[in-house]
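Visitor: When you get a sec, could you give me coordinates for this:
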Amino acid sequence: MQKFKLSLVFYTQFLWVSLFANFFFYFIGIPIIVSLSAKIAFLGFFIFWRKIKDEKSPYVFYQNLGLSLRYLFLSVVVFDAVLLKICYAVFNFLL
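Guide: Okay, the predicted model is just below:
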């Protein structure tokens, strides 16, 4: 349960950007699988950019609490996929 809470704390960095991207992808008519693939590619680019930009890892806090980088980013992908599915379902219901 502790890992789940820490993953949610980590995901809050991406929450507003993710919601905006979900909204944008839905309204330009992109299918859900393509939008999820694009978001995963963007997350990979973000990770790559942060590793090149910073000399020290910005994820030391989470690593010191026992979370691996693989677990953190896998949890971000899962949270984002769930949020994407919920947003698409809500948008389809409302619109």
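Visitor: Mind listing what's buried along the helix or strand that contains V82?
Guide: Secondary structure from DSSP states H and E places V82 in helix 69-94. Judged by neighbour count using 16 or more other CB atoms under 10 Å, the buried positions of helix 69-94 are 72-73, 75-76, 79-80, 83-84, 87-88. All C-beta spots, glycine's among them, are computed from the backbone N, C-alpha and C.
Visitor: what's the closest of those to F45?
Guide: Within the buried residues of helix 69-94, the smallest distance to F45 is 12.3 Å, found for F73 (CB to CB).
Visitor: For S37, the count of nearby residues, please.
Guide: 12 (other CB atoms under 10 Å).
Visitor: elements contacting the helix or strand that contains V9?
Guide: Assigned by DSSP H and E, V9 belongs to helix 2-11. Here helix 2-11 touches helix 69-94, going by 3 or more CB pairs under 8 Å, 6 or more residues apart in numbering; DSSP states H and E.
Visitor: Could you list every helix and strand in contact with the helix it packs on?
Guide: helix 2-11, helix 15-27, helix 32-53.
Visitor: same thing but at 10 Å, please
Guide: helix 2-11, helix 15-27, helix 32-53, helix 60-64 (3 or more CB pairs under 10 Å, 6 or more residues apart in numbering; DSSP states H and E).
Visitor: What lies in contact with the shortest one?
Guide: The reference is to helix 60-64. Contact with helix 60-64 is made by 3, 6-7, 9-10, 57, 67-69, 71-72, as judged by CB atoms under 10 Å, 6 or more residues apart in numbering.
Visitor: Buried by neighbour count: which residues of it qualify?
Guide: For helix 60-64, by 16+ other CB under 10 Å, it's Y62.
Visitor: how far does that helix sit from the chain's center?
Guide: 18 Å (CA atoms, centre = their mean, to the nearest Å).
Visitor: What of the first one?
Guide: Centre-to-centre, helix 2-11 and its host chain are 12 Å apart (CA atoms, centre = their mean).
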